[in-house]
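>>> What follows is a protein structure lacking sequence information:
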């Protein structure tokens, strides 16, 4: 489970006529991850899938636009796999283009209705604004012998510029209302030569005319009623248009579903486009396939292709390691932990997948730092209840809760109460020094395992020198163990010891010498860098080890926080006591739970992953054929 | 932006400014033959014999644009969000070039492939949404654009297009909104940066406003009010009040006479718009160089550097293009004056 799935590099040569068929065959096996590198052979400079992709993209875009107005439910099920030739795809695209031409006229009608409704609303707002004016608004409807009126809306950001421009044409602009992104304005000026000028300025400013309704001398209530009726009428028109569209679109449903099916069948060839190259009738296709799936892939191609083809399989070269995709761990239990690992990076090919180790160590540390039967139960229950909303992640919460419950039993803690449950081991506060010792031991084991994994990862890719001398390599580990040995001696017998000191100094000198050899800089700079780096090695290992004391510190902190809550609660009356206990527990769950979670992630990412996990790989994403779910 | 970031950015700008072409280096560059030009500036694409001249031109243009955008990204990295937004707003001009290409393509029903060939390859954060390429017409394209970060520009352009249905109005609206957004962003800066940014963008807007004014009024014969509406007032010399006065004048001479100093003295001898342009460019470049060397504001210096660098890269492109198309020396020099004019050279030619 820890090692990468072995991969092979495959090169497929097919005749271009067989390309659609080959793409379908590859998609059906779900084991081919395209390699987008250009072929070394310069004659393979044509991109045979480019036109196909262009047409496909346009057809898909048109279909999406059409089905926005004529909804077609579900994804058609593909029972029979067949080749979609270029001509068929082109014909489908043309048909969709013609259909969109007609459907878009409905869309325009809907937009017109939206605009009319918006204008009517603006008119209502304007009339409410004009209601208290003692003038004949009918005069604003057009122009008089000497004056020309424009009443309407203009985007607010254009207002200042428009006002100045209008003044240049001897017009005045008056803003009588602001609403949303628009300003309601009256533009008034002389009739004659200036009319054309102001018209072009208004057009450039996106001015929208707001028609003044007829019969402004009537009762305001009557006018409002008219406008309300207009809005009602617009709504009816919209309903009617929707019904017309539905009736009109009904005969196309079947054909649109078939179009969707055709596009699903054409998708694999489109997905392959970046890795497709050709010369004349010969097409070249390369990719990565899990070693165990190569035989099945070969078999499938033999069954599908009616023309000759050539499949060349080889192992990945060392220089291609970073290009080889990593097949992800497939385990329902590990999925949420894999998501957290992927936040840091994807394991590169050949590298140990840290997910299982991450899962175990995460749960152990979280449980120890937040050990409480009651709080753990709440976390597990909350995660279980959220399983529909977080289907891929809820198990993380359930496991974290269970771990917390397990440590709660060891510590004898139930919602902070330590008198209810007998501890299977002891309360952290009972012997804090022992807790710190356990945390320290845990940290040492964690760092040693991380270093060993780092060494293994380097050996797995053939980097023997790196495995011995690089940072967190074998010499580094030797230094760490000697340093610990000496430290233990210092703590127990008062002396560091000659042998551990010799080992520690020797390994440090070996590291420094290695660095010196691989550094290309002036001598002064080299001395500075090597001294600082060597000092850094000592400081980093010391601080990283001490960093794990937080595992014990948080278990003590949990008990201390509960004690603080109880002390506060005891100062209250009966009701206050209950409320304080409740709120205190919520506080512990949310705040301390969150902090513990962050601290554990920090320990994993910083003390663990930085030692052995590069995370610079990329995920295996094979070519697939969408099969659909709903029946057509 | 912390003072450490400001110091870091200032150092970066200072180091990068060493890449700028000195004014006296432009003459020799203009006279360089193609192989020497390719070798000096690492423009290998120029000598790629099997490719057509059009392909070589495109590859070169894309390559130079990538250089500028890569430097822009480098400078943006230590900036605060507001500063980054400003630089990004300036850099959006490349996305707007693409938008204009798309609009023209839709207006004249050009082939998709042909349109694509003329688009700049931009980084993700600046790229136009891919759905735009599949829009069936201009209105659909603009409506789709309204859903993203170009909302303001697209809305304005759509409203203008719906009213006027002419490409000139559409592109003028896009350009106007582009500059208006930069001005809007600058006005939100604090005093430590505001003065430098006003001077920087003021110089650029003075150039743009005067050239647009002259073209709209005397080449396209638009009315004073329509001309004024399409301009973006500067916060330095050609302010709102000055523009209101200038658009009402009836000839190029009257406009030049009414210009404030130093523009008035600078353009005193100009008789045509073509003569005005190099002098204006020269003035703007001088202002940009002043900001680059004297300003305390790191973001203003970074922006000044990018503007000057863009001119240099355009100049290189113009020389290379001239050589590729085998234009005479004189034609290349005139083109250079429109990009990065050197006063002495411009005066010599005028004499």
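Yes, it's here. Computed from a predicted structure; not experimentally measured. Residues are numbered from 1 along each chain as shown, chains lettered A, B, ... in the order given.
>>> Only C-alpha atoms from now on, for both contacts and neighbour counts.
Noted.
>>> What parts of the stretch 51-200 of chain A come near chain B?
Selection of the stretch 51-200 of chain A residues close to chain B by CA under 8 Å from any CA of the partner chain yields A:57-58, A:61, A:161-162, A:164-169, A:197-198, A:200.
>>> and which of these is nearest residue B:227?
residue A:165 (8.2 Å; CA to CA).
>>> didn't that closest one look like it was pressed against residue B:223?
No - the pair residue A:165 and residue B:223 does not pass the contact test of CA atoms under 8 Å, sitting 9.9 Å apart.
>>> Between those two, point out the one with more neighbours.
Counting neighbours by other CA atoms under 10 Å in any protein chain shown for residue A:165 and for residue B:223 shows that residue A:165 has the greater number, 29 against 23.
>>> Show me what the helix or strand hosting residue B:286 is packed up against.
Per DSSP states H and E: residue B:286 is located in helix B:273-294. Contact here means 3 or more CA pairs under 8 Å, 6 or more residues apart in numbering or on different chains; DSSP states H and E; on that basis helix B:273-294 packs against helix B:191-214, helix B:263-267, helix B:298-324, helix B:329-340, helix B:343-350.
>>> Out of those helices, the one nearest residue A:431 is which?
Closest of the helices and strands packed on helix B:273-294 to residue A:431 is helix B:298-324, at 57.0 Å (criterion: CA to CA).
>>> Which neighbouring elements make contact with the closest one?
Contacts of helix B:298-324 with other secondary structure elements, assessed using 3+ CA pairs under 8 Å, 6+ apart, are made with helix B:3-16, helix B:34-41, helix B:53-76, helix B:191-214, helix B:273-294, helix B:329-340.
>>> Dump the ones you listed to a markdown table, plus mean pLDDT.
Compiled in a markdown table, the helices and strands packed on helix B:298-324 are given as follows (pLDDT from 0 to 100):
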| stretch | mean pLDDT |
| --- | --- |
| helix B:3-16 | 85 |
| helix B:34-41 | 74 |
| helix B:53-76 | 84 |
| helix B:191-214 | 89 |
| helix B:273-294 | 88 |
| helix B:329-340 | 69 |
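>>> Turn the ones you listed into a markdown table, including distance to residue B:172 and mean neighbour count.
Rendered in a markdown table, the data for the helices and strands packed on helix B:298-324 read as follows (distance: least, CA to CA, whole Å; neighbours: other CA atoms under 10 Å in any protein chain shown):
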| stretch | distance to residue B:172 | mean neighbour count |
| --- | --- | --- |
| helix B:3-16 | 33 | 16 |
| helix B:34-41 | 35 | 14 |
| helix B:53-76 | 23 | 17 |
| helix B:191-214 | 10 | 21 |
| helix B:273-294 | 19 | 20 |
| helix B:329-340 | 20 | 18 |
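>>> now these as TSV including distance to residue A:626?
Converted to TSV, the helices and strands packed on helix B:298-324 look like this (distance: least, CA to CA, whole Å):
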stretch	distance to residue A:626
helix B:3-16	49
helix B:34-41	49
helix B:53-76	37
helix B:191-214	53
helix B:273-294	56
helix B:329-340	53
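>>> For residue A:230, find the nearest of those.
helix B:191-214 (44.7 Å).
>>> rounded to a whole number, what's the mean pLDDT of whichever helix or strand comes after that closest one?
On the C-terminal side of helix B:191-214, the nearest following helix or strand under DSSP H and E is helix B:224-230. Averaged across helix B:224-230, the pLDDT comes to 90.
>>> So which bits of the next helix or strand after helix B:224-230 are buried?
Going down the chain from helix B:224-230, the next helix or strand is helix B:240-246, by DSSP H and E. By neighbour count, and taking 16 or more other CA atoms under 10 Å in any protein chain shown as the criterion, the buried residues in helix B:240-246 are B:240, B:243, B:244, B:246.
>>> so what's the first one closest to, chain neighbours aside?
Here the nearest residue to residue B:240 in space, its sequence neighbours aside, is residue B:233; by CA to CA, 6 or more residues apart in numbering or on different chains that works out to 5.1 Å.
>>> how many neighbours does the one you found have?
Per other CA under 10 Å, the neighbour tally for residue B:233 reads 26.
>>> can you tell me how far it sits from residue B:258?
16 Å (CA to CA, to the nearest Å).
>>> ok, so what distance separates residue B:270 from chain A?
When distance is defined by CA to the nearest CA, to the nearest Å, residue B:270 is 27 Å away from chain A.
>>> State the phi and psi torsions of that residue.
The phi and psi values for residue B:270, taken as degrees, to the nearest 10, are phi -80, psi 140.
>>> again, but for residue A:591
phi -80, psi -50.
>>> quick revisit: out of the helices and strands packed on helix B:273-294, which comes closest to residue B:31?
Using CA to CA as the criterion, the shortest distance between residue B:31 and those is 7.3 Å, found for helix B:329-340.
>>> where does the stretch 1-150 of chain B come near chain A, residue by residue?
Residues of the stretch 1-150 of chain B lying close to chain A (CA under 8 Å from any CA) are B:131, B:134.
>>> Residue of the stretch 1-150 of chain B closest to chain A, please.
Closest residue of the stretch 1-150 of chain B to chain A, CA to the nearest CA: residue B:134 (5.9 Å).
>>> now the stretch 201-350 of chain B
residue B:225 (4.5 Å).
>>> residues in contact with that residue?
For residue B:225, the residues meeting the contact criterion (CA atoms under 8 Å, 6 or more residues apart in numbering or on different chains) are A:164, A:165, A:166, A:167, A:168, A:169, A:197, A:198, A:201, B:247.
>>> picking up where we left off before, adding pLDDT and secondary structure, write the residues of the stretch 51-200 of chain A next to chain B out as CSV.
Putting these into CSV (pLDDT from 0 to 100; DSSP: H, G, I helix; E, B strand; the rest coil) gives the following:
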residue, pLDDT, secondary structure
A:57, 88, helix
A:58, 88, helix
A:61, 89, helix
A:161, 87, helix
A:162, 88, helix
A:164, 89, helix
A:165, 89, helix
A:166, 88, helix
A:167, 88, helix
A:168, 87, helix
A:169, 84, coil
A:197, 81, helix
A:198, 84, helix
A:200, 82, helix
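>>> Most neighbours of all the residues you listed, which one?
Note: the member of those with the most neighbours is residue A:165, at 29 neighbours, neighbours being other CA under 10 Å.
>>> Next one: it from residue B:218, what distance?
Distance from residue A:165 to residue B:218, counting by CA to CA: 18 Å.
>>> if we can go back for a sec, for the residue of the stretch 1-150 of chain B closest to chain A, the count of nearby residues, please.
By the other CA under 10 Å criterion, the neighbourhood of residue B:134 contains 17 residues.
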